[in-house]
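> Have a look; sequence and predicted model below, questions after that.
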Amino acid sequence: MQYKEYHGEQISSLGFGLMRLPVIDDDQSKIDIEKVREMVHYAVDNGVNYFDTAYVYHNGFSEKAIGQIMEEDHLRDKINIATKMFTFGANGPDFDPRKMLDEQLERLRTDHIDFYLLHGLRGELWKTLRDKWDIVKYMNDMKEQGVLRNIGFSFHDEYDSFKMILDEYDGCDFAQIQYNYVDHEIQAGNKGIAYAIEKNVPLVIMEPIKGGSLIFPDYPEIDAIKEKYGIGSMSNAELALDYVWDKKGILTVLSGMGNMDMLKGNVEYASRSSEGMITEDMEKAIAEIRTLLENTENIPCTGCRYCVDGCPQNIAIPSAFRFYNEGKKYRNPDSQKRMYNRTCANIADCVECGACSNICPQHLEIPELLKEVRAYLG
Ligand code: SF4
Ligand code: SF4
């Protein structure tokens, strides 16, 4: 394993994302604890010391599972536990950060959290937390009391909001952003990485393989590009991870590992990781892969949402098209099925009234296209 120096500590370059754990009966609340235990031991034995969960992962059972394993197997001192405050209720009257933190400590069976994040910040959510809940003071108070060792946030918005938060969040120790070789210019992106370096805030990277999309299980054209640049033997997952490890300012790279094979592969890739590791040929291959992906044909939905309010069946039409397009683009429908099933389960209820097509500025034959989406992802 390779490590990054962080305030005198060593943090593994691979972090274990605990949001896609093996489950029983396809039920996200029923974590297969023995499989997870085996994976956690393998990870710890091979030097992984950063584990990332959240209040909401697996409906709360992700925190419980890692808490149980840490306590029963005496692993607490070998693991930096990162977890996140569920911030999305900040507009409601029942939002109570301290109560939530106590619940998290109980689930994790510990008296402190090593890395604590405000979950999924966007500009507006940040302003609410800042103004209504005085969240910067709260986080720093908890840090002063020793309940939180490092405070930060995870982020899903545009660069300007990222900059605003970094500028306003006194005491912020680290931040977590989505970043990979396809999403390098969206959200915080390269500009965000540069600004975080300027502010001396190390970054944790999530979605380095874009939720599995960059694995390309069935994409001979991509295999050919890699062959052309002499990296044919490299897996697509490794290429994606190396792209992120290459960058400056990165503390650790998270991968949501759902099985032992994935974990073993990532541990091996991490053992050869280093800053500045991407070669010119790898850069060229990545550039060609990006171009290939950009030219994929898809459903030309712009996401304007004009169709949404008038649908008598409340079907999430733009989301359905987005999942379909992503699945087609990466030739990997499996990577979209979880979100599709969660958001578009009622797609079969379409009554073909045509209200959506009548209002769609792109003149899409929506009911017909929804049938295609269903056949592909359902
Ligand atoms: S055709 Fe189907 S998706 Fe479109 S508005 Fe009617 S019910 Fe909704
Ligand atoms: S109205 Fe058309 S373009 Fe707009 S979100 Fe709906 S399907 Fe997409």
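It's in. Numbers count the residues shown, from 1 in each chain. Ligands and ions are numbered 1, 2, ... in the order given.
> Looking at the helix of greatest length in the chain now, give me its mean pLDDT.
Ranked by residue count, the top helix of the chain under DSSP state H comes out as helix 280-294. Averaging the model's pLDDT scores along helix 280-294 yields 95.
> got the CA positions of that helix in CSV?
As requested, C-alpha coordinates have been extracted for helix 280-294 and formatted as CSV (Å, rounded to 0.1, in the frame of the first residue of the first chain):
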residue,chain,number,x,y,z
GLU,A,280,2.1,10.4,-22.1
ASP,A,281,0.6,7.3,-23.8
MET,A,282,-1.9,6.8,-21.0
GLU,A,283,-2.9,10.5,-21.4
LYS,A,284,-3.4,10.0,-25.1
ALA,A,285,-5.4,6.8,-24.6
ILE,A,286,-7.7,8.6,-22.1
ALA,A,287,-8.2,11.5,-24.4
GLU,A,288,-9.3,9.1,-27.2
ILE,A,289,-11.6,7.3,-24.9
ARG,A,290,-13.2,10.6,-23.9
THR,A,291,-13.8,11.5,-27.5
LEU,A,292,-15.3,8.1,-28.3
LEU,A,293,-17.7,8.4,-25.4
GLU,A,294,-18.7,12.0,-26.3
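> So which elements touch that helix?
For helix 280-294, the contact count by 3 or more CB pairs under 8 Å, 6 or more residues apart in numbering; DSSP states H and E identifies helix 220-228, helix 236-245 as packing neighbours. Glycine gets a C-beta too; all of them are placed from N, C-alpha and C.
> Downstream of the last one, the next helix or strand is which one?
On the C-terminal side of helix 236-245, the nearest following helix or strand under DSSP states H and E is strand 250-256.
> can you give me the angle that following strand makes with helix 236-245?
Comparing the axes of strand 250-256 and helix 236-245 via axes from the mean of the first three to the mean of the last three CA atoms, to 10 degrees yields an angle of 150 degrees.
> Strand 250-256 pairs with which strands?
Each strand that pairs with strand 250-256, with its direction, by DSSP bridges: strand 14-17 (parallel), strand 203-206 (parallel).
> and the lowest-mean-pLDDT helix or strand in the chain, is it in reach of ligand 2?
One helix or strand of the chain scores below all others by mean pLDDT, DSSP states H and E: helix 334-343, with a mean of 89. No - when contact is scored as CB under 6 Å from any ligand atom, no part of helix 334-343 falls within range of ligand 2; the minimum is 13.9 Å.
> Near ligand 2, which residues of the protein are found?
When proximity is defined by CB under 6 Å from any ligand atom, the chain lies next to ligand 2 at 301-307, 317-318, 360, 362, 364, 366.
> redo that, cut-off 5 Å
Residues of the chain lying near ligand 2 by CB under 5 Å from any ligand atom: 301-302, 304-307, 318, 360, 362.
> Of those, which belong to strands?
Judged by DSSP state E, the residues of the chain next to ligand 2 include no members of strands.
> Between all of those residues, which two are separated the most?
Within the residues of the chain next to ligand 2, two members stand farthest from each other by CB to CB: Arg305 and Gln362, at 12.2 Å.
> Endpoints of stretch 14-32, how far apart?
Across its full length, stretch 14-32 reaches 22 Å between end residues, using CA to CA, to the nearest Å.
> Tell me the buried residues in whichever strand or helix holds Ile81?
Counting by DSSP H and E, the secondary-structure element that holds Ile81 is strand 80-85. Of all the residues in strand 80-85, those buried under the rule 16 or more other CB atoms under 10 Å are 80-85.
> try stretch 46-56
Counting neighbours by 16+ other CB under 10 Å, one finds that the buried residues in stretch 46-56 are 46-55.
> And what about the residue of the stretch 151-300 of the chain found nearest ligand 1, helix, strand or coil?
Here the residue of the stretch 151-300 of the chain nearest ligand 1 is Ile299; by CB to the nearest ligand atom that distance is 13.6 Å. Here Ile299 takes the coil state, with states given by DSSP: H, G, I helix; E, B strand; the rest coil.
> Is it correct that it is in contact with Asn325?
Yes - applying CB atoms under 8 Å, one finds Ile299 in contact with Asn325, separated by 5.9 Å.
> Please identify the buried residues of stretch 223-241?
Under 16+ other CB under 10 Å, the buried positions of stretch 223-241 are 225-226, 229, 231, 236-241.
> Count the residues that sit near the closest residue to ligand 2 within the stretch 51-200 of the chain.
When CB to the nearest ligand atom is the measure, the stretch 51-200 of the chain has its nearest residue to ligand 2 at Ile186, with 18.9 Å between them. Taking other CB atoms under 10 Å as the neighbour definition, Ile186 ends up with a count of 12.
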